[in-house]
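Undergrad: quick check, what structure comes out for this input:
(2 chains)
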Amino acid sequence: MTKILVVDDSNSIRDMVNFTLKSAGYDTQDARDGQEGLNKAKASSFDLVITDVNMPIMDGITLCQELRKLPNFKFTPILMLTTESSGEMKLKGKAAGATGWLVKPFNPEKLLATIKRVVR
Amino acid sequence: MSIDLSQFIPSFLEESFEGLELMESSLLNLEAGDNETIHSIFRAAHSIKGGAGTFGFYKVTEFTHLVETLLDEMRDGRREIVQSDVEILLGAVDCIRLLIESARDEKECDDEKIIQTSKLLSQTLHNENTTERSEESIDQNLNSDTSDEAPRHHWNIEFLPEHQLVQTGNDPLLLFNALAELGELSVQANVDNLPPLTDMCAEELYLQWQLTLVSSCSEQEIEEVFEWVEDECQLNISELDTLNKENNNQTPVTIASENQVADSTQFYLQNTTPETPKEIKNSSSKNSSTEKTAAKKVEVSSIRVGVDKVDSLINLVGELVITQSMLSELGNDFNLDKVERLNAGLEQLLQNTKELQESVMRIRMLPISFAFNRFPRLIHDLSKKTGKSIELIIKGEQTELDKTVMEQIGDPLVHLVRNAADHGIETAEVRLANGKPEQGTITLDAYHQGGNIVIEINDDGGGIDRQAVLNKAKEKGIVDANATLTDAQVFDLLFEPGFSTAKEVSDISGRGVGMDVVKRNIQSLGGRIQVESQQGKGSTFRVHLPLTLAILDGQLVRVGREVYIIPLISIVESLQVQNELINRVSGDMVLYRLRDDNVPVLPVYQLFNLPANNTELSNALLVVVEADGQKVGLMVDDLLAQQQVVIKSLKDNYQQVEGISGATILGDGSVAMILDIPGMINIALQKAQYEQKQLEQEVM
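TA: Residues are numbered from 1 along each chain as shown, chains lettered A, B, ... in the order given. This is a model prediction of the structure:
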């Protein structure tokens, strides 16, 4: 089963992403900030990480950089959930090693279509 | 596949209101250079914007976008934090709240304030285009209908990735899968750059691809597939010609690369576009229609409970299980030698039950800061409106209170705090003239006392003018012209309907409606309010509330064969009647002299028409209770135990009965009624009036 880690500080977004993924038959775990996400990533392995950018404690960009340092996560797809569609944000994410991005507002169909593009 | 997210709207709303509260309190405490605070305000706005878009609350998204942009500039240091901007943002927080509320209620919201604030925001941002909407929000799905009549293009795509492309988690194969969904795709790999095996690095990509796609899609759609890797590859997309042939007539056209490509690496990804989307669409519309009928609007209120509380609950249940197994083991083959152990076990069970009950109660408890945290903003606004400088001190904000009580006490507290700011605190000139510091102070305090929570609203203002209150009351005929009243009685007049001593009605308070409502609200929660005031020094309003509405400390009393429960909070004292203190007045009315008071006696058996053991007043037991400032003595047969009882609503299970506020189940399984003291006093009054009339008629 495909295992996905969802990192977002907003309960409602996290719940919705989780719900969407579970409805589509994915196995998920979630975290409320980058640090918690990193801890969960260290404790297990995932096929995909979906993370928000703006979070307390550790933001999504830092999380991405940290994940890429872990041998387990060198090639793991990491998707950034962002509200900004600015090029700057995307470049920042790219530089940190993100695979791609999902632009909010969150749309379940779009999320699932996007996931198909990064996990087999 | 269609996924209905409307079930998450309540949690989004709850979160948004929390976010707004955080924004508000942080803005009030914002100081220049305080980056972490700005960040947290920004994050709150950002979450609201993101969530609102998901649920189609576009007005919220649009408005919050402006707020977020302003905050973003502050966050990046591009904009200085000045008080005027903070004021605009505070106003904007109110607007967002209004917008979210109207989105929740599915109402249109065209409050003037919102238009003005969004103008102000845009002016501040030097941005004239206020209705700018992010393109992405109306971005169409990649797989949107491809109309059959659209001309089909023959796209030639050259994809030359850089070596490290896979290191960001991107996978060319999956990109090709996405392309295959757009139309008929053929892929040829170019292996020319493949190094000898010994030099090959497993983490790098050496292949290049030549793709042909026959599809009616636009060039932009193809670019979107490669959106994430555009900086890590060379991508050349060209159109060969426009075709309008049947699918099966298509032969993949390959250009210029035939000689470079090894046959073994060539593969086709078959296009499945024509059938699948239709199927998906059908099933999804079916799904959503069934979901719509199933998903009725249910208003769910939720409590966020700390993990520690849940953990302690689980821990206690664990102990309960242990006790239970111990007792059941004792029960197997029991003999009298084991009585001591049985008693110990029952003792333990009692302890467990008590702790479990407390623990469950704690789940409903929230720190009173939830009710208090709106006051800094209120005081901030009131200071501005009245031109008075007011400091707010909040104490005891961790004191816990039942959620229902908290929700209902909010408005009365706002009223009291407004009064304190408007009427209590004097203007700076008056204060200075009276030798007080220029800045007035309002203190909010909460603490536990007995089984109650006490909330104090204290101001160091001018205090209540006793004589003015009394004069007004006499003028309005609320009290007799020559009545002499104690301070407490005078201050109690403030809660009389229609009473207001404010010389001028301001738009903050003083319309004469309210104080009586405040008192009624507090009483309906089973609480009471007290006033203390010293002229020139200030006033204190003290609100006593029960910790919870679900459980009540009660005194069990017996009347005839019935057991009733009197709420402990309303009992003043219990006593044995001394004959010489009984005063009979006209009719059936009996007064009992209790120190300086004359207390009317209500025989409960008469009120409820019961056969009682004792119908004689002499040597009877009297429970003196107080409600609405009125003391009465309830005559009962016997005083039983004091215990906590769980309140069961009579209205839900049977119907409302006057004089009874609810019922409970006692330890022996029998049902006992909980007495409603104000209701009983009412019945007694009506009865007296009725009898009086009867008497008058008889005389006539």
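Undergrad: and whichever residue of chain A sits closest to chain B, what pLDDT?
TA: Closest contact between chain A and chain B, by C-beta to the nearest C-beta, is at A:P105 (2.6 Å). Any C-beta I mention is one placed from the backbone N, CA and C, and that applies to glycine too. Looking at A:P105, its pLDDT stands at 75.
Undergrad: quick one: it is in a helix?
TA: No - counting by DSSP: H, G, I helix; E, B strand; the rest coil, A:P105 falls outside a helix, being coil.
Undergrad: now B:L594, nearest residue through space, not along the chain?
TA: Excluding its sequence neighbours, the residue lying closest to B:L594 (C-beta to C-beta, 6 or more residues apart in numbering or on different chains) is B:V624, at 6.4 Å.
Undergrad: in what helix or strand does the residue nearest to the spatial centre of chain A lie?
TA: Most central in chain A under C-alpha atoms, centre = their mean is A:I50, positioned 1.3 Å from the mean C-alpha point. Using DSSP states H and E, A:I50 sits in strand A:48-52.
Undergrad: next, the buried residues of the helix or strand following that strand.
TA: For strand A:48-52, the succeeding helix or strand toward the C-terminus, using DSSP H and E, is helix A:60-69. Buried residues in helix A:60-69, counted by 16 or more other C-beta atoms under 10 Å in any protein chain shown: A:G60, A:I61, A:T62, A:L63, A:C64, A:E66, A:L67, A:R68.
Undergrad: how about the helix or strand following helix A:60-69, does it reach chain B?
TA: Following helix A:60-69 in sequence order, the next helix or strand is strand A:78-82 (DSSP H and E). Yes - counting by C-beta under 8 Å from any C-beta of the partner chain, chain B is contacted by strand A:78-82 at A:I78.
Undergrad: mind listing residues that contact the longest helix seen in chain A?
TA: Selection of the longest helix in chain A by residue count, based on DSSP state H, yields helix A:11-23. Contact partners of helix A:11-23, identified using C-beta atoms under 8 Å, 6 or more residues apart in numbering or on different chains, comprise A:4, A:6, A:8, A:28, A:30, A:32, A:50, A:52, A:81, A:106, A:108, A:111-112, A:115, B:1, B:3, B:5, B:7-8, B:11-12, B:15, B:47, B:50-51, B:54.
Undergrad: contact partners for the closest residue to B:L356 other than its chain neighbours?
TA: By the measure of C-beta to C-beta, 6+ apart, the closest residue to B:L356 outside its immediate chain neighbours is B:L316, 4.9 Å from it. If a contact means C-beta under 8 Å, 6+ apart, then B:L316 has B:N352, B:E355, B:L356, B:S359 as its contacts.
Undergrad: what's near enough to touch the first one?
TA: Think B:N352. Going by C-beta under 8 Å, 6+ apart, the list of residues near B:N352 reads B:L316, B:E319, B:L320, B:T323.
Undergrad: wait, B:I394 touches B:I368, no?
TA: No - with contact defined as C-beta atoms under 8 Å, B:I394 and B:I368 do not form a contacting pair (9.3 Å).
Undergrad: out of these two, which sits in the more crowded spot?
TA: More crowded of B:I394 and B:I368, by other C-beta atoms under 10 Å in any protein chain shown: B:I368, with 25 against 16.
Undergrad: before we move on, the earlier item: list the contacts of the helix or strand just after the longest helix of chain A.
TA: Counting by DSSP H and E, the next helix or strand C-terminal to helix A:11-23 is strand A:27-31. Around strand A:27-31, the neighbours that count as contacts under C-beta under 8 Å, 6+ apart are A:1-8, A:14, A:17-18, A:21-22, A:37, A:39-40, A:44, A:46.
Undergrad: pull the longest helix of chain A out as PDB, backbone CA atoms only.
TA: Provided in PDB are the C-alpha atoms of helix A:11-23 (Å, rounded to 0.1, in the frame of the first residue of the first chain):
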ATOM      1  CA  ASN A  11      -6.300  20.800  11.200                       C
ATOM      2  CA  SER A  12      -9.000  21.200   8.500                       C
ATOM      3  CA  ILE A  13      -6.600  21.000   5.600                       C
ATOM      4  CA  ARG A  14      -4.800  18.100   7.200                       C
ATOM      5  CA  ASP A  15      -8.100  16.300   7.800                       C
ATOM      6  CA  MET A  16      -9.300  16.900   4.300                       C
ATOM      7  CA  VAL A  17      -6.100  15.800   2.700                       C
ATOM      8  CA  ASN A  18      -6.100  12.700   4.900                       C
ATOM      9  CA  PHE A  19      -9.700  12.000   4.100                       C
ATOM     10  CA  THR A  20      -9.200  12.400   0.400                       C
ATOM     11  CA  LEU A  21      -6.100  10.100   0.400                       C
ATOM     12  CA  LYS A  22      -7.800   7.500   2.500                       C
ATOM     13  CA  SER A  23     -10.900   7.500   0.300                       C
END
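Undergrad: average model confidence for that helix?
TA: In the prediction, helix A:11-23 has an average pLDDT of 86.
Undergrad: where does the chain dip in pLDDT?
TA: Answering for chain A, as no chain was given. Counting by pLDDT under 70, chain A has low-confidence residues at A:84-87.
Undergrad: try chain B instead
TA: For chain B (pLDDT under 70), the answer is B:1-2, B:32-33, B:126-150, B:241-301, B:450-451, B:498, B:500-513, B:586-588, B:628-629, B:699-700.
Undergrad: show me it divided up by domain.
TA: Following automatic domain parsing, chain B resolves into domains at B:5-133, B:153-264, B:307-363, B:367-546, B:551-699.
Undergrad: so can I have JSON lines of the ones you listed showing distance to A:E88?
TA: Listed next are the domains of chain B as JSON lines, based on distance: least, C-beta to C-beta, whole Å:
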{"stretch": "domain B:5-133", "distance to A:E88": "11"}
{"stretch": "domain B:153-264", "distance to A:E88": "13"}
{"stretch": "domain B:307-363", "distance to A:E88": "38"}
{"stretch": "domain B:367-546", "distance to A:E88": "34"}
{"stretch": "domain B:551-699", "distance to A:E88": "57"}
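Undergrad: alright, calling it a day.
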